[in-house]
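# Structure here, sequence nowhere to be found:
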Ligand SMILES: Cc1cc2nc3c(=O)[nH]c(=O)nc-3n(C[C@H](O)[C@H](O)[C@H](O)COP(=O)(O)OP(=O)(O)OC[C@H]3O[C@@H](n4cnc5c(N)ncnc54)[C@H](O)[C@@H]3O)c2cc1C
């Protein structure tokens, strides 16, 4: 029997403010996953203001988002001029001249409940071993410039290949727009000039456009970018500033021509006052320098970026300012902020688009009715805070775990205070190489192992349980695994050839 009480109070209209990646992801998801028979969804965006225009590297959970929205992956890659991503190569982070790879997925296989990295570390104490990347399917494929989708047979190493995408941010928003409009989302072009609050409960009642129009709604999704038009400018929610942990507060971005076939990975190169990203797409290379304005000025940053491009610059450099941190309440009153409006952590591990996805998933799981029970809002805020703090700690690790002292920036990072939870994690690692995934933490042990070992933080001791694994058997198994990953990678297509196949398949899709 239908529950009348629920219907009576159901949300009837969602207003999404902003048509960047966050706004269109929300529009596409809500129009696919909510009952649009009784729900209107409107998205307002302003061509005059535009979007941030960056945000081109992702992490593997985006595949779940695509699947939930029934997005054909080949069509998605073709439409966004995308490429496949198997991880991130970090250059000059631990020390100048060093490089390591943070692959997606795990390393090797555990032995009787003892983590692979423990066995690897014991072996490495006995005799020199190749980099731990050699035991990652994604890591080896990336090294060889190969790509294939993971196979279903769990006995084969290919099943361990985990991937994500690089794409053109503008094309991605357009792609999602088509998807959302097909499912009934109403797009309004116009600049919001005023926001009206309900005098009684302080909820947003409507937004006013420059052309005089007014748009009312029950639930407002603030995807207006850094300014947080509703969540901050109107509701004054407040921002928790994390710049003492993450001192980079500027970026300059400039695409360039591809110097060769696109690599199936992002590269992050540490510079004297920040780091530079390199994101290969089908038609261009995305580049940007993320830096601390205390340690480098705007002109020097631009010069440094342009001097380090690998191809002809395509377009003028674009400058951006930000403050690392999070909105104190991601959901306040009847406004849920997503994307840059809800906070920002620099793109070192490509996590911002994931925060949008995670916010959408949590909102759907805690979807309110027009009574806006605080219990749903509080739980949403608690979960989003946890997700963001956990990612923040992982990013802080990259800066803290360095031996660089060649600039004031790196000396600051080495000496800075770090969050307590991260300090405890580091103590546990340094003591016996132990890592624990807490709650819904996005990055699991293999990611921490890759960064810690990659930046030269080797534990003093090992988990005593390694003694239960026979060294001769372990050595033999390690070598067999290593060979099997490499053989499998050698059989995969070149990454560029795989992209060509995917784009051809997209054309044939019904
Ligand atoms: C330097 C940098 C690099 C990044 N790299 C990555 C990355 O590699 N991977 C990743 O996951 N993320 C990355 N991000 C984050 C990513 O770009 C954003 O998370 C993503 O683009 C979402 O942006 P947004 O939609 O929240 O905001 P925006 O793109 O800024 O969109 C805001 C929207 O609001 C509209 N708007 C604003 N005010 C009004 C108004 N008054 N009236 C009407 N409309 C209005 C604008 O027109 C626009 O449509 C990066 C961010 C930066 C700054």
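Structure's in. What do you need? Here the structure is a predicted model, which is why all the values come from computation and not from measurement. Numbering: from 1, shown residues only.

# going forward, measure contacts between C-alpha atoms and count neighbours the same way
OK.

# Buried ones in the helix or strand containing residue 178, by neighbour count?
Counting by DSSP states H and E, the element that carries residue 178 is helix 169-182. Taking 16 or more other Cα atoms under 10 Å as the basis for neighbour counts, the residues of helix 169-182 that come out buried are 169, 170, 171, 172, 173, 174, 175, 176, 177, 179, 180, 181.

# I'd assumed residue 80 was in contact with the fourth one.
Spelled out, that is residue 172. Yes - taking contact to mean Cα atoms under 8 Å, the distance of 5.4 Å between residue 172 and residue 80 places them in contact.

# Counting neighbours, show which residues of the helix or strand containing residue 381 come out buried.
Taking DSSP H and E as the criterion, residue 381 maps to helix 374-400. Neighbour-count burial for helix 374-400, counted by 16+ other Cα under 10 Å, picks out 376-377, 380-381, 383-400.

# Mind checking what helix or strand follows that helix in sequence?
Moving toward the C-terminus from helix 374-400, the next element (DSSP H and E) is helix 408-415.

# So what touches that next one?
Helix 408-415 has contacts (Cα atoms under 8 Å, 6 or more residues apart in numbering) with 272, 273, 274, 292, 295, 399, 400, 401, 402, 403, 404, 405.

# Show me what counts as buried in it.
Counting neighbours by 16+ other Cα under 10 Å, one finds that the buried residues in helix 408-415 are 409, 410, 411, 412, 413, 414.

# follow-up on the earlier one: just put the buried residues of helix 169-182 in a markdown table and tack on distance to the ligand and pLDDT.
What follows is the buried residues of helix 169-182, written out as a markdown table (distance: Cα to the nearest ligand atom, whole Å; pLDDT from 0 to 100):
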| residue | distance to the ligand | pLDDT |
| --- | --- | --- |
| 169 | 7 | 93 |
| 170 | 9 | 94 |
| 171 | 12 | 96 |
| 172 | 10 | 96 |
| 173 | 9 | 96 |
| 174 | 11 | 97 |
| 175 | 14 | 98 |
| 176 | 12 | 98 |
| 177 | 12 | 98 |
| 179 | 16 | 97 |
| 180 | 15 | 98 |
| 181 | 16 | 98 |
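
# where's residue 7 relative to residue 38, distance?
Taken as Cα to Cα, to the nearest Å, the spacing of residue 7 relative to residue 38 amounts to 9 Å.

# Revised request: answer the last question for residue 420.
47 Å.

# From the contacts of helix 408-415, list the buried ones, please.
With burial judged by 16+ other Cα under 10 Å, the buried subset of the contacts of helix 408-415 is 272, 273, 274, 292, 295, 399, 400, 401, 402, 403, 404.

# could you point out which element follows the helix holding residue 178?
Reading on from helix 169-182 to the C-terminus, the next helix or strand found by DSSP H and E is strand 186-189.

# right, and residue 429 touches residue 436 too?
No - under the criterion of Cα under 8 Å, residue 429 is not in contact with residue 436, lying 9.6 Å apart.

# residues in contact with the residue nearest the centre of the chain?
Closest to where the C-alpha atoms of the chain average out (Cα atoms, centre = their mean) is residue 351, at 1.9 Å. For residue 351, the residues meeting the contact criterion (Cα under 8 Å, 6+ apart) are 58, 59, 345, 391.

# Now do the helices in the stretch 101-250 of the chain.
Counting by DSSP state H, counting those that start in this stretch, residue ranges of the helices within the stretch 101-250 of the chain are 116-126, 137-144, 169-182.

# you'd agree residue 43 is in a strand?
Yes - with the criterion set as DSSP: H, G, I helix; E, B strand; the rest coil, the secondary structure at residue 43 is a strand.

# is it in a bridge, and if so with what?
residue 16, residue 187 (DSSP bridges).

# And for it, the neighbour number?
With neighbours defined by other Cα atoms under 10 Å, the count for residue 43 comes to 25.

# Can you tell me which residues in this protein are near the ligand?
The chain comes close to the ligand at residues 17-23, 44-47, 49-58, 190-193, 223-225, 251, 339-341, 347, 350-354, as judged by Cα under 6 Å from any ligand atom.

# Okay, and which of the residues you listed map to strands?
Cross-referencing those against strands under DSSP state E gives 17, 44, 45, 192, 193, 251.

# how about these, which pair is most distant?
Every pair in these was compared (Cα to Cα); the two farthest apart turn out to be 193 and 251, at 28.0 Å.

# Mind checking which of the two has more residues around it?
It is residue 251, of residue 193 and residue 251, that has more neighbours when counted by other Cα under 10 Å, with 25 against 12.

# what sits against residue 254?
286, 287, 288, 305, 306, 313, 314, 315, 316, 317, 318.
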